[in-house]
Structures are given as C-alpha cells and as structure tokens.
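# With the input below, show me the fold.
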Amino acid sequence: AYQQLLRGDPKSTDALLGLATIAARRGDSGRAHSYYLLALESNPNDPTAQAGVVQTRGQSDPTQSESRLKTALGSQPDSPALLFALGKLCAREQRWGDAQQAYFRADSTEPDNADFSFNLAGSLDQLHQDKLAAQYYQMALNAAEGSGGSHAGFDRSQVQKRIQELIP
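Numbers count the residues shown, from 1 in each chain. Below you'll find the model as predicted:
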C-alpha cells in the first residue's frame, strides 16, 4: 500500500515513514535509513524522520547522535518520536536514569503507545523500581490489547511473566 501511495506521490512523507518503519522492523537498517532520509527531504522538520535517521545511522558516535536528538528536541520538545529515540540511545549505553526520563516524557505524550510504556517499564525495571515497572508493563499490555496488539514490538507472554516475577 505504501509503495502504491509513493507511485502516486513520490514525496509522500507518510508512505516513506511507513516503508522506513517496515524496513526497521525487519532489521534492514540500511533501507530504513534511506527511507528516513527521503522523508527528511520531503519534510525537513518531521520529528519521526529525524529520529529515524539518528537511530538507523548506527552506533558509531552516540555522542553525536545524542547531540542531534537534543538539538531537534530544542525546537520540538514534546516530539514522542525524538524522545523515544533519545531513550533508546541512552538505554543502549545503559544510562537507565536518562533513558527512563526520556521514555517517561515520550509515554506522557502518547500514553496509549504500547512500545513507549514497555520501554519505560524496562528502564524502571533496570533501576530496580519493581512496583512501578510492573505497573508500566501492565499499561503496555493494556495498550497493546487496545490496539489489537498488532503494533506492539514486544512479546506479550514474556511481559506477563515479568510482571509475575516483579510482583510475587
């Protein structure tokens, strides 16, 4: 469907972002990066495209990636895509407090986003905030169920198991 949309409108940001997301979920970061770059050409201020470019660029220079994300957040401080990307970057570096803050801000902007709640729960889990982590894991499950679960990027049965481990 996205390819068909692009045939009609080669600069469709929505179609480019959709294709980038599909490529990223399939593990094809090179293709995802290309689509994010094309989306940025169509709309240079799109926060999802900005975050995607940073995330798919690789981990060669996390400091530069963090700087770019923070610069973009300066003009779009409530962008869930940029906040989520910052959280992921901090989590990769095991900076759990910083990750938790970024994920919390992302989750606050889109509380029904299962992946935001899940990643916030994971950061809280790493910080040994068991009760709060369990609450956010449950919120992630609820959000995934509310959306039919098709968009959640996590295994719901593993999350259920982790909740039971956290709250005996």
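
# just the strands in this protein please.
Ranges of strands in the chain, per DSSP state E: none exist.

# mind showing which ranges of it have poor pLDDT?
For the chain, residues meeting the criterion pLDDT under 70 lie at 58-60, 147-151.

# In it, which helix is the longest?
helix 130-146 (DSSP state H).

# Buried residues in that helix, which are they?
Buried residues in helix 130-146, defined by neighbour count with 16 or more other C-beta atoms under 10 Å: Ala133, Ala134, Gln135, Tyr136, Tyr137, Gln138, Met139, Ala140, Leu141, Ala143, Ala144. C-beta here means a position set from N, CA and C on the backbone, and glycine is covered the same way.

# chain center to it: distance?
Centroid separation for helix 130-146 versus its chain: 16 Å, with C-alpha atoms, centre = their mean, to the nearest Å.

# Quick one: list the elements packing against that helix.
Packed against helix 130-146 by the contact rule (3 or more C-beta pairs under 8 Å, 6 or more residues apart in numbering; DSSP states H and E) you find helix 114-126, helix 156-166.

# do you know how far the nearest residue to Gly52 once chain neighbours are set aside is from Tyr137?
Distances taken as C-beta to C-beta, 6 or more residues apart in numbering place Tyr36 nearest to Gly52, at 3.6 Å, with adjacent residues excluded. Taking C-beta to C-beta, to the nearest Å as the measure, Tyr36 falls 29 Å from Tyr137.

# In terms of distance to Gly27, which of the buried residues of helix 130-146 ranks first?
Sorting these by distance to Gly27 puts Ala144 at the head of the list, at 21.0 Å, by C-beta to C-beta.

# quick one: contacts for that closest one?
Ala144 makes contact with Ala114, His151, Ala152, Phe154, Arg156 under the criterion C-beta atoms under 8 Å, 6 or more residues apart in numbering.

# Which among those count as buried?
For the contacts of Ala144, a burial check counting by 16+ other C-beta under 10 Å picks out Ala114, Ala152, Phe154.

# got a list of what the second one touches?
In this case it means Ala152. Residues near Ala152 by C-beta under 8 Å, 6+ apart: Ala114, Asp115, Phe118, Ala140, Ala143, Ala144.

# Do a quick rundown of the helices in this structure.
Under DSSP H, the chain gives helices at 2-8, 13-25, 29-42, 47-56, 62-75, 80-92, 96-109, 114-126, 130-146, 156-166.

# nearest spatial neighbour of Pro47, skipping sequence neighbours?
Nearest one to Pro47, counting by C-beta to C-beta, 6+ apart, is Ser79 at 3.7 Å.
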